[in-house]
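A.B. asks: Mind looking at a prediction? Sequence and model below.
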Amino acid sequence: MKIVCTHCQTGYQVDVSEVKPEGIDFKCAKCNQFFLITPEDIDHDNTGVIKKMNTEKAQYSEDNNLNTLLSSVVGDLKDYGDRLNNQLSKLSDIGIALSGVTDLTVLLEMIVDQAREFTNADAGTLYLKEENKLAFKIVQNESLGIRMGGTSGKEITFPPVELKESNVSAYVAIKGEPV
């Protein structure tokens, strides 16, 4: 496939198979402009020529090493934004799924499962306040192979946590603040 720099009109041959879904970085050897060539830029009418190369990659610095580093940081930030958008979409899906559950035990377990998945947590515990104590209702720890309470059928053997500020989980319950 032939591509042409939109700044200096220098032509280049590029293997179409090298163009990944996220695109490939391209630098014009003549004018040093950076471009990101994406699959959408490829002319699919079999002429083998990109009709336009309008995806100029920002040049943040005249120093090529610094520009490469900054381009990487910008790419990472875009990826982070995409992940946040995916998480928001997933939160919406979770909310819809949770709204259809009527069994409290199933609901509590779903909350812990989804919270752990959403935060990439290895473990999670859900307590309910009963009198002056926090009663364990769901206990999960992936690396230790523990699933107690909820629909697991395994009884939680831990004693309730006294509602005192010296206990971390109780402190959070009393103050309503994360630690």
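C.D. replies: Here it is on my side, so go on. Small disclaimer: the values here were computed from a predicted structure and weren't measured. Residues are numbered from 1 along each chain as shown.
A.B. asks: Tell me, how many residues neighbour residue 114?
C.D. replies: Residues lying near residue 114 (other Cβ atoms under 10 Å) number 18. Where C-beta positions appear, they are placed from N, C-alpha and C, glycine not excepted.
A.B. asks: isn't it right up against residue 93?
C.D. replies: No. Applying Cβ atoms under 8 Å as the test, residue 114 and residue 93 come out as separate, 9.4 Å apart.
A.B. asks: Backbone torsions only: list them for the closest residue to residue 23 other than its chain neighbours.
C.D. replies: Sequence neighbours aside, residue 38 is the residue nearest to residue 23 in space, at 3.9 Å (criterion: Cβ to Cβ, 6 or more residues apart in numbering). Main-chain torsions, residue 38, degrees, to the nearest 10: phi -110, psi 160.
A.B. asks: surely residue 38 meets residue 16?
C.D. replies: No. The pair residue 38 / residue 16 is not scored as a contact, 11.9 Å apart, by Cβ under 8 Å.
A.B. asks: Need the residue closest to the centroid of the chain.
C.D. replies: residue 83 (3.3 Å; Cα atoms, centre = their mean).
A.B. asks: What residue spans form the domains of the chain?
C.D. replies: As given by automatic domain parsing, the domain ranges for the chain are 2-57, 60-100, 103-175.
A.B. asks: Mean pLDDT added to the ones you listed, as a markdown table?
C.D. replies: Shown next, in a markdown table, are these (pLDDT from 0 to 100):
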| stretch | mean pLDDT |
| --- | --- |
| domain 2-57 | 68 |
| domain 60-100 | 84 |
| domain 103-175 | 95 |
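A.B. asks: Name the residues of the lengthiest helix in the chain that come out as buried.
C.D. replies: Using DSSP state H to define each element, the chain has its longest helix at helix 64-99. Within helix 64-99, the residues scored as buried using 16 or more other Cβ atoms under 10 Å are 67, 71, 94.
A.B. asks: quick one: which of those is nearest to residue 177?
C.D. replies: Using Cβ to Cβ, residue 94 is the member of the buried residues of helix 64-99 that lies nearest residue 177, at 23.7 Å.
A.B. asks: quick one, strands of this structure?
C.D. replies: Secondary structure of the chain (DSSP state E): strands at 2-4, 11-13, 24-27, 34-37, 56-57, 123-130, 133-141, 146-149, 161-162.
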